[in-house]
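A.B. asks: structural data only, the sequence is not supplied:
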Ligand SMILES: Nc1nc2c(ncn2[C@@H]2O[C@H](COP(=O)(O)OP(=O)(O)OP(=O)(O)O)[C@@H](O)[C@H]2O)c(=O)[nH]1
């Protein structure tokens, strides 16, 4: 059954969202707010309740709701209608012949289909059953000499009658005839939409599938492709190290590399390519060795999820510092597991308990204290505890089960890239899935090429690189950017054409940047259902004011909006705050602080909304005002036209099509519809299809004929009147 949001439902019933929410409460159905989605069952219950309500209400003019009798009928027919509607609908021109003849044709086809073997899919079966039950026309043998029907046909977007006929191994004239029987007037060269194609195929008992064309230039789609679970094998975890200045990130990365990389790789010269791999207990771990969350979040801001696990380095002699907190919030925002490395344990002043205590305040509770965060005491300087840390990484990797398919064409993300005088464009790529081979045609960000040479983190030339492996490649036309995606294609021609198209798109995109959330467009984005949370970063002059602003923000209660504070800190607004905001689609609130020059530039470039205030209630007022638009708008009904039903006919999959004549005003596709019989409202609901001949129509004006079907309602009779209305918003 269909889904609808609370406010949409409320609008339909002409009541407030709150009323609906309260009613749901009495039914023990909890919904958060007016944006919540209602499932079939809830809708059914609500419908029942509202229709009951109406039955007891005194009968009023035609503007009002149906009376008891009709309310019941509405209910009863809903199932029936949704059944009929399930497979979509065909064209609905009201020139179809008598229903009897119609069914006879279908029956014949259905039998034919079955005679041709067990090729009926679900749809075919369903259709076939229906026809068998209803049909009283005797079976007529099919013409003998016809070619056999195919088992299945596919199409993209639409087909002309001639194309469809060819696919079905039938004469176009036969298909035209059949369409006519089904109430669709079409010529041989006419395009048939999906519904009409399905209608015909179901009738023939031929399976049909629409091939959806994906946008091949959107690299993201290749990352989202569904993968064969059987082909998935374990892959190394990809780890990023973060932490406060001087807490030992670089030392830790060096120490891990020194102790592990050269083992079994004697003579290998480690080379800085932005990432490296180590081997522990016969398993590999990949480290991104651009420490710090700047790189981490920059990548995420560009849409790339690269890191599987974050190591948060906290110096035991210094404890949790501002950038520690920032790193935590970055990792949390990216939903990446965190392992704590309590560093500098060799120092006499080391106080690991204090680190644990302080991190607990940020939701990172050690296992020893009943939490689930792994803490590993280490000394990056003398190597103590490093093995333990690496084992913990393997453990988390095992639990999270990171997998990839080494057999597919490679895809992944750019870690670093630069222009080398001798070698041209040089890029370090992290292969995230598949295996990258020398010679592969590749698209990287907005550039493309062929992998000319590959060098691994030990400076060795390699021919292939599997999942989670970092490699440096040459052979690209241009220099990509860190965080860009790469995808390997089957041939160079495809890679070139996709690369070139993407370069063009990038140019165009620069002109019309995509919209980030700002208080100005907040309402619009929420209305379109694009946002449920408003992410906020709060920076302030002193801890007290930051806390006060955050607390007041959380108290804002506006239906449908959830304020989520993803980061708070004392100090000026920095570039790092802006990158986090951009990556998390957040707004930044500065209380008695300003952005520094870099942050200002970044905010402009990334179009992050930064709001500066000096008085708390102004902050709250501003946010509330932005959300105000989210309150339920009030609506007023306006009747826009009337149509008279001149003829009705039933089509098994579609339901009842009402061939109608517009006698007043106009009927529009998106108008509400009310069915009047002898001046009494029989049904009120939504239009399902509005057609002129076989084409969907946006609106049909006075003096024209049209075919109308109503959602979930089939009991239409000749002489009934459709009243079309729209709800107009009343400005507050
Ligand atoms: N005693 C001791 N000193 C350490 C340890 N780890 C790092 N250090 C020292 O701490 C200082 C900072 O270490 P780095 O590795 O540069 O710290 P970082 O976090 O990379 O610093 P930034 O790159 O500036 O953010 C250096 O002087 C290191 O020698 C440790 O385990 N024990």
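C.D. replies: Arrived safely, thanks for sending. All figures in this text were calculated on a predicted structure; none of them were measured in a lab. Numbering: from 1, shown residues only.
A.B. asks: for the residue nearest to residue 395 when sequence neighbours are not counted, give me its contacts.
C.D. replies: What sits nearest to residue 395 in space, not counting adjacent residues and going by CB to CB, 6 or more residues apart in numbering, is residue 374, at 7.8 Å. Bear in mind the C-beta positions are built from the backbone N, C-alpha and C, glycine included. Going by CB atoms under 8 Å, 6 or more residues apart in numbering, residue 374 touches 339-340, 366-367, 392, 395-396.
A.B. asks: before we move on, what about residue 464?
C.D. replies: 435-438, 454.
A.B. asks: against residue 436, how distant is it?
C.D. replies: 7 Å (CB to CB, to the nearest Å).
A.B. asks: so what sits against both of the two?
C.D. replies: Here residue 464 and residue 436 have residue 454 as joint contacts, going by CB under 8 Å, 6+ apart.
A.B. asks: partners of the helix or strand harbouring the residue nearest to residue 395, with directions?
C.D. replies: Assigned by DSSP states H and E, residue 374 belongs to strand 374-377. Using DSSP bridges, strand 374-377 pairs in its sheet with strand 338-343 (parallel).
A.B. asks: from the stretch 451-600 of the chain, which residue is nearest to the ligand?
C.D. replies: As assessed by CB to the nearest ligand atom, the ligand sits closest to residue 576 within the stretch 451-600 of the chain, at 12.5 Å.
A.B. asks: number of nearby residues for the residue nearest to residue 194 when sequence neighbours are not counted?
C.D. replies: Counting by CB to CB, 6+ apart, residue 194 lies nearest to residue 210, which is 5.8 Å off, once chain neighbours are set aside. The burial count assigned to residue 210 is 13, neighbours taken as other CB atoms under 10 Å.
A.B. asks: please begin residue numbering at 851 from this point
C.D. replies: All set: I'll call the first residue 851, so the last point we hit is now residue 1060.
A.B. asks: mind checking which helix or strand the closest residue to the ligand within the stretch 1251-1400 of the chain is in?
C.D. replies: Closest approach between the stretch 1251-1400 of the chain and the ligand, counting by CB to the nearest ligand atom: residue 1266, at 16.7 Å. Residue 1266 belongs to strand 1261-1270 when assigned by DSSP H and E.
A.B. asks: can you list the residues of the protein near the ligand?
C.D. replies: Residues of the chain lying close to the ligand (CB under 6 Å from any ligand atom) are 1093, 1095-1101, 1141, 1193-1194, 1196-1197, 1229-1231.
A.B. asks: where does this structure dip in pLDDT?
C.D. replies: 851-852, 883-885, 903-996, 1063-1065, 1110-1121, 1140-1154, 1358-1382, 1408-1410, 1478-1486, 1579-1582 (pLDDT under 70).
A.B. asks: got the contact list for the most far-flung residue of it relative to its centre?
C.D. replies: For the chain, the largest distance from the centre (CA atoms, centre = their mean) belongs to residue 1198, which lies 52.0 Å off. Residues in contact with residue 1198 (CB under 8 Å, 6+ apart): none are found.
A.B. asks: tell me if I am right that it is in a helix.
C.D. replies: No: using DSSP: H, G, I helix; E, B strand; the rest coil, the assignment for residue 1198 is coil, not a helix.
A.B. asks: and it, how close does it get to residue 1354?
C.D. replies: Taking CB to CB, one finds residue 1198 at 62 Å from residue 1354.
A.B. asks: also residue 1130?
C.D. replies: 45 Å.
A.B. asks: and the helices in the stretch 1451-1582 of the chain?
C.D. replies: Assigned helices in the stretch 1451-1582 of the chain, in chain order: 1466-1478 (criterion: DSSP state H, counting those that start in this stretch).
A.B. asks: and the residue of it closest to the ligand?
C.D. replies: residue 1452 (19.6 Å).
A.B. asks: got the phi and psi for the nearest residue in space to that residue that is not next to it in sequence?
C.D. replies: When the adjacent residues along the chain are set aside, residue 1452 lies closest to residue 1428, with 4.1 Å between them (CB to CB, 6+ apart). Backbone torsions for residue 1428, taken as degrees, to the nearest 10, come to phi -70, psi -40.
A.B. asks: verify the contact between residue 1428 and residue 1438 for me.
C.D. replies: Yes: with contact defined as CB atoms under 8 Å, residue 1428 and residue 1438 form a contacting pair (7.0 Å).
A.B. asks: need the residues touching each of the two.
C.D. replies: With CB under 8 Å, 6+ apart as the test, residue 1428 and residue 1438 both reach 1445, 1453, 1458, 1460.
A.B. asks: could you dump those to JSON lines with neighbour count?
C.D. replies: As requested, these are exported to JSON lines (neighbours: other CB atoms under 10 Å):
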{"residue": "1445", "neighbour count": "23"}
{"residue": "1453", "neighbour count": "20"}
{"residue": "1458", "neighbour count": "26"}
{"residue": "1460", "neighbour count": "22"}
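A.B. asks: mind putting the residues you listed into TSV with distance to residue 881?
C.D. replies: Putting the shared contacts of residue 1428 and residue 1438 into TSV (distance: CB to CB, whole Å) gives the following:
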residue	distance to residue 881
1445	39
1453	36
1458	32
1460	34
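A.B. asks: how about the helices in the stretch 1151-1300 of the chain?
C.D. replies: Using DSSP H, counting those that start in this stretch, the helices of the stretch 1151-1300 of the chain run over 1172-1183, 1202-1210, 1236-1250.
A.B. asks: point out the most buried one among these.
C.D. replies: Mean neighbours per residue, mean count of other CB atoms under 10 Å, is largest over those for helix 1172-1183, with a mean of 22.
A.B. asks: report the angle between that helix and strand 1188-1193.
C.D. replies: Computed by axes from the mean of the first three to the mean of the last three CA atoms, to 10 degrees, the angle separating helix 1172-1183 from strand 1188-1193 equals 160 degrees.
A.B. asks: identify the residues contacting helix 1172-1183?
C.D. replies: Taking CB under 8 Å, 6+ apart as the rule, helix 1172-1183 contacts 1092-1095, 1097, 1143, 1146-1147, 1150, 1160, 1162, 1164, 1188, 1209, 1212-1214, 1416-1417, 1419-1421, 1426, 1430, 1433-1434.
A.B. asks: whichever of the residues you listed end up buried, select them in PyMOL.
C.D. replies: Applying 16 or more other CB atoms under 10 Å to these, the buried members can be selected in PyMOL as follows:
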select buried, resi 1092+1093+1094+1097+1143+1146+1147+1150+1160+1162+1164+1188+1209+1214+1416+1417+1419+1420+1426+1430+1433+1434
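A.B. asks: the contacts of helix 1172-1183 in strands, which ones?
C.D. replies: Secondary structure from DSSP state E places 1092-1093, 1160, 1162, 1164, 1188, 1416-1417, 1419-1420 of these in strands.
A.B. asks: check contacts around the residue lying closest to residue 1159 once chain neighbours are set aside.
C.D. replies: Excluding the flanking residues, the one nearest residue 1159 by CB to CB, 6+ apart is residue 1089, at 4.9 Å. Counting by CB under 8 Å, 6+ apart, residue 1089 touches 1135-1138, 1157-1161, 1243.
A.B. asks: for the strand holding residue 1224, what is the distance to the chain centroid?
C.D. replies: In terms of CA atoms, centre = their mean, to the nearest Å, the centre of strand 1224-1227 is set 36 Å apart from its chain centre.
A.B. asks: what of stretch 1427-1436?
C.D. replies: Using CA atoms, centre = their mean, the offset of stretch 1427-1436 from its chain centre is 20 Å.
A.B. asks: got it, and stretch 1030-1046?
C.D. replies: Mean-position distance between stretch 1030-1046 and its chain equals 33 Å (CA atoms, centre = their mean).
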